[in-house]
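Participant: take a look and give me a structure for this.
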Amino acid sequence: MMCELGSQSWYSTKMTMRRPFAELSLVALFLGLYYTIFFRYTAAEGSAFVGFNFGTQLSVVPSPPQVVSLLKIQQITHLRLYDADSSMLRALAGTGIQVMVTVPNTQLLSVGQSNASAVNWVKNNVIAYIPATNITGICVGTEVLTTDPNAALVLVPAMNFLHTALVAAKLDSQIKISTTHAPEIILDSFPPSQAFFNNSWNGILKPMLDFLARTGSYFMLNVYTYDIYKASNGVILLDYALFNPLSSSQVVVDSNTLLSYSNLFDAVVDSAFFAMARLNYTNISIVVTETGWPSQGDSTDTDATMDNASTYNSNLIRHIVNTTGTPKHPKEAINTYIFELFSEDLKTASPTMKNYGLFNSSNMKPLYLLRLTGSGPLLANDTTDRLYCVAKPGVDDDFLQIALDWACGPGRADCLGIQPGKECYEPNTVAAHASYAFNSYFQQNKAVDSSCDFNGDAIITTTNPSYGSCVYPVSRNSSGNANGTIFTNATSPTSDNGSNGTSAAATDYLALSSPHIHILLTLVSLCIVIGGTSKL
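Facilitator: Below you'll find the predicted structure:
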């Protein structure tokens, strides 16, 4: 194979890389590049997660098996409990779902005053359930500093006692200990760079931060953007609170750091980072343990609507799972738990606090639809029986372009809608055009699972990707999967016919675009490297 680079060919005698050692290096480079391409999705394993809180102050409390079934259907992989309920922990056994249990505030005095009590708590609420149940965190109390100041003095001792018990059980590397905080402990939080902790709590916060740094744990922060937005009396824009796009004049700039903030969530999280930095703690990560948006409230809560709740949670999930990070810590994973699975109508709280749930506890159905295109497999919960095929989030444009060209060419997909001037031409991105072409091909091939593959670069979803005047053709899910989950090709069911539903055209594409295409791209990359080397 000749790989021409201008007048210099692969086999040019001018290239010193023809020496045996250089040829060996070239082989190593080839293999490295090839496996980088072949395993290009593995990096996503370190991306941020979105979990859910599960509280039980409900008129209708679903059974633990019902809750676990919902978690599986919606591909929720992280759950935070407000206690360590034995029935729930048993139901979670064998699921692999990562569980955070909680020492309720009512048990804090006991655990914080006696090492023996802490050992018993760990024995009865953790050791009794692992390894079958994947317990990965212990939350010691809930917003203790602001809601239960009488217990604050035993908070750090309780954390230390519990950690000692985990060390004795050799579980300290698997299970991390922390405690949640309300945003009220941070003062002067805007601009974020001016933020600092309420000094009256320094006697507790400093030992706590020492503990988190020493044990490799994280600072837990509850971020109630709706409350902050409402309290601002119009100073904070609704779009800023909801993660909606802003004009350049609406983006908020921290005058001290010149960091730009396009949403309230990031500003609150960064205020906590800056507050910790003021106390000389710069290497502690943050986990947002509660955030969300109420779907209703009282007459004063005009922006507590289902539409705004859908917008906030949809945008939040996309923001987190894409590991966007914050302006202070870009690309850093900010793991986040949404508040909450079910609205807790029996809470002694404001009307909005009783309406944060995403699902109806009576029938396990979503209370409103989420728009989650581009957010991975989590919570595509629009409960429709319509199926679409779209580009998989995170796939490199080069691979999507190859698949797009095939779909609109040999695959004979109807790509008229993405031609210049047509209704689906904008946004003029490879990912958007590929999604339209993939879906067209998918529908033309009777929406069998194997026709939404494109060498692993596409996924089947029940979330309608249509927008504005751009309408995607659709088919019904004949297999009855109506739970709204996004199926990846690795786990999607196959059809019953002998060929697993693969059309001849799909087979041709698979043959064409298997690793051979990736090897070809790798060789092109090698040509570029060699071409540069030849000029040395």
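Participant: what's the nearest residue to Ala333 if we skip its chain neighbours?
Facilitator: For Ala333, ignoring the flanking residues on the chain, the nearest one in space by C-beta to C-beta, 6 or more residues apart in numbering is Ala48 at 3.7 Å. Heads up, the C-betas are built off the backbone N, CA and C, glycines and all.
Participant: quick one: contacts for that neighbour?
Facilitator: Ile320, Val321, Thr323, Ala333, Ile334, Asn335, Thr336 (C-beta atoms under 8 Å, 6 or more residues apart in numbering).
Participant: that one - that's part of a helix, no?
Facilitator: No - Ala48 is assigned coil when assessed by DSSP: H, G, I helix; E, B strand; the rest coil, not a helix.
Participant: measure it to Ala275 for me?
Facilitator: Distance, Ala48 to Ala275, using C-beta to C-beta, to the nearest Å: 21 Å.
Participant: what bridges to the closest residue to Val126 other than its chain neighbours?
Facilitator: Among residues not flanking Val126 along the chain, Ile135 sits closest, at 5.6 Å (C-beta to C-beta, 6+ apart). Under DSSP bridges, the beta-bridge partners of Ile135 are Val99.
Participant: Ile135: neighbour count?
Facilitator: Around Ile135 sit 23 other residues, with neighbours defined as other C-beta atoms under 10 Å.
Participant: do the one 3 residues further on as well
Facilitator: Taking other C-beta under 10 Å as the criterion, the count of residues near Ile138 is 27.
Participant: quick one: secondary structure of it?
Facilitator: Secondary structure for Ile138, judged by three-state DSSP, is strand.
Participant: so it sits against Val101, correct?
Facilitator: Yes - counting by C-beta atoms under 8 Å, Ile138 touches Val101, with 5.8 Å between them.
Participant: check what pLDDT the most centrally placed residue in the chain gets.
Facilitator: When C-alpha atoms, centre = their mean is applied to the chain, the residue found nearest the centroid is Val321 (2.6 Å). Note on Val321: pLDDT of 89.
Participant: show me the shaky parts of the protein.
Facilitator: Where the chain drops to pLDDT under 70, the residues are 1-46, 371-386, 449, 462, 475-536.
Participant: next up, the contacts around the residue nearest to Val126.
Facilitator: Leu89, Val99, Met100, Val101, Val126, Tyr129, Gln174, Ile175.
Participant: re earlier: what's the closest of the contacts of Ala48 to Val156?
Facilitator: The closest of those to Val156 turns out to be Asn335 (C-beta to C-beta; 22.8 Å).
Participant: quick revisit: in strands only, show me the contacts of Ala48.
Facilitator: Thr336 (DSSP state E).
Participant: what about the contacts of Ala48, which are in helices?
Facilitator: Of the positions in those, Ile320, Val321 sit in helices, assigned by DSSP state H.
Participant: and the two most separated of the contacts of Ala48?
Facilitator: Spanning the widest gap among the contacts of Ala48 are Thr323 and Thr336, at 11.3 Å by C-beta to C-beta.
Participant: between those two, which one's more packed in?
Facilitator: Comparing Thr323 with Thr336 by neighbour count (other C-beta under 10 Å), the higher total belongs to Thr336, at 28 against 18.
Participant: so in terms of bridging, what pairs with that one?
Facilitator: When bridges are called by DSSP bridges, Thr336 pairs up with Val50, Val288.
Participant: wouldn't it be in contact with Val50 here?
Facilitator: Yes - between Thr336 and Val50 there is a contact at 5.4 Å, judged by C-beta under 8 Å.
Participant: give me the common contacts of those two.
Facilitator: Leu316, Ile320.
Participant: do a quick rundown of the helices in the stretch 151-300 of the chain.
Facilitator: For the stretch 151-300 of the chain, the helices defined by DSSP state H, counting those that start in this stretch cover 155-168, 202-215, 225-231, 238-241, 264-278.
Participant: by contact count, what packs against the second one?
Facilitator: By that I understand helix 202-215. Under the contact criterion of 3 or more C-beta pairs under 8 Å, 6 or more residues apart in numbering; DSSP states H and E, helix 202-215 touches helix 155-168, strand 176-178, strand 218-223.
Participant: for it, list the C-alpha coordinates in CSV.
Facilitator: The C-alpha trace of helix 202-215 is given here as CSV (Å, rounded to 0.1, in the frame of the first residue of the first chain):
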residue,chain,number,x,y,z
ASN,A,202,-15.2,27.0,61.3
GLY,A,203,-14.5,25.0,64.4
ILE,A,204,-16.5,22.2,62.9
LEU,A,205,-15.8,22.8,59.2
LYS,A,206,-12.0,22.7,59.4
PRO,A,207,-11.8,19.3,61.2
MET,A,208,-14.4,18.0,58.7
LEU,A,209,-12.5,19.2,55.7
ASP,A,210,-9.4,17.6,57.2
PHE,A,211,-11.3,14.4,57.5
LEU,A,212,-12.5,14.6,53.9
ALA,A,213,-9.0,15.3,52.6
ARG,A,214,-7.4,12.6,54.7
THR,A,215,-9.9,9.9,53.7
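Participant: please work out which residues outside that helix touch it.
Facilitator: Contact with helix 202-215 is made by 145, 152-153, 155-156, 159-160, 163, 172, 176-179, 185, 197, 217-219, 276, 279, 281, 283-284, as judged by C-beta under 8 Å, 6+ apart.
Participant: what comes up buried for that helix?
Facilitator: Going by neighbour count (16 or more other C-beta atoms under 10 Å), the buried part of helix 202-215 is Ile204, Leu205, Met208, Leu209, Phe211, Leu212, Thr215.
Participant: how close does the closest residue to Lys422 other than its chain neighbours get to Leu162?
Facilitator: Nearest residue to Lys422 in three dimensions, chain neighbours excluded: Leu416, at 6.4 Å (C-beta to C-beta, 6+ apart). Distance of Leu416 to Leu162, given as C-beta to C-beta: 63 Å.
Participant: and these two? Which one has more around it.
Facilitator: Using other C-beta under 10 Å, the more surrounded residue of Leu416 and Leu162 is Leu162, with 25 against 12.
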